[in-house]
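S.K.: compute the structure for the input listed below.
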Amino acid sequence: MNTYKEDKDYLIRNLSLDVERHLASDFIAIGEGFDQFDKKLPRNNDPQFTKLHIALNFWDGWQDARNHDWHYYEGISASDWPNLARIIIQNIKNEEEITNKIILKHFDLRPRQGIIQKLKKLFKAKSDV
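M.R.: Residues are numbered from 1 along each chain as shown. The predicted structure is shown next:
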């Protein structure tokens, strides 16, 4: 198992390579380091790894979009992928949370509290008063 720093550095290096590959129209090479990273990234609830998991989902989506002629990701065109990757790379380098709305919409796969759960919590709080 790698350390957080090793995973972070690997991801930055490989996403940066894929930005270059995309810009050079070498689309088939995008994701060459994905499987190795996917296998080694810990699956835990450590918040330090959250942005790396979002980045992994993004990287997977980038390959999926490429395989499907850049369809199926509303609001993301073929030319947007390198820019979104740069945002992720910068966030990871700076140890910042990923806050870009389009990235989070498609690639933050953490469970979210639905409206029903929010209403139940609200009504429970009011009934406790």
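
S.K.: next up, the contacts around the closest residue to residue 84 other than its chain neighbours.
M.R.: In space, and not counting its chain neighbours, residue 84 is closest to residue 103: 5.8 Å by CB to CB, 6 or more residues apart in numbering. Every C-beta, even on glycine, is put in place using the N, C-alpha and C of the backbone. Residue 103 makes contact with 54, 58, 84, 87-88 under the criterion CB atoms under 8 Å, 6 or more residues apart in numbering.

S.K.: what separates residue 70 from residue 96, distance-wise?
M.R.: 28 Å (CB to CB, to the nearest Å).

S.K.: can you check residue 29 too?
M.R.: Using CB to CB, residue 29 is found at 28 Å from residue 96.

S.K.: again, but for residue 60
M.R.: 22 Å.

S.K.: the more surrounded of those two?
M.R.: With neighbours defined as other CB atoms under 10 Å, residue 60 and residue 96 compare such that residue 60 has more, 14 against 10.

S.K.: quick one: classify the more buried one as helix, strand or coil.
M.R.: helix (DSSP: H, G, I helix; E, B strand; the rest coil).

S.K.: so how far is residue 86 from it?
M.R.: Applying CB to CB, the value for residue 60 to residue 86 is 18 Å.

S.K.: and the helix or strand residue 92 falls within, which residues are buried?
M.R.: Per DSSP states H and E, residue 92 falls inside helix 80-93. Of the residues in helix 80-93, 81-82, 84-85, 87-89, 91-92 count as buried by neighbour count, 16 or more other CB atoms under 10 Å.

S.K.: for stretch 42-59, same thing?
M.R.: Residues 49, 51-56, 58-59 are the ones in stretch 42-59 that count as buried (16+ other CB under 10 Å).

S.K.: let's have those residues in TSV, adding pLDDT and distance to residue 42.
M.R.: Listed next are the buried residues of stretch 42-59 as TSV, based on pLDDT from 0 to 100; distance: CB to CB, whole Å:
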residue	pLDDT	distance to residue 42
49	91	6
51	95	13
52	96	9
53	95	9
54	96	14
55	97	14
56	97	11
58	98	18
59	98	16
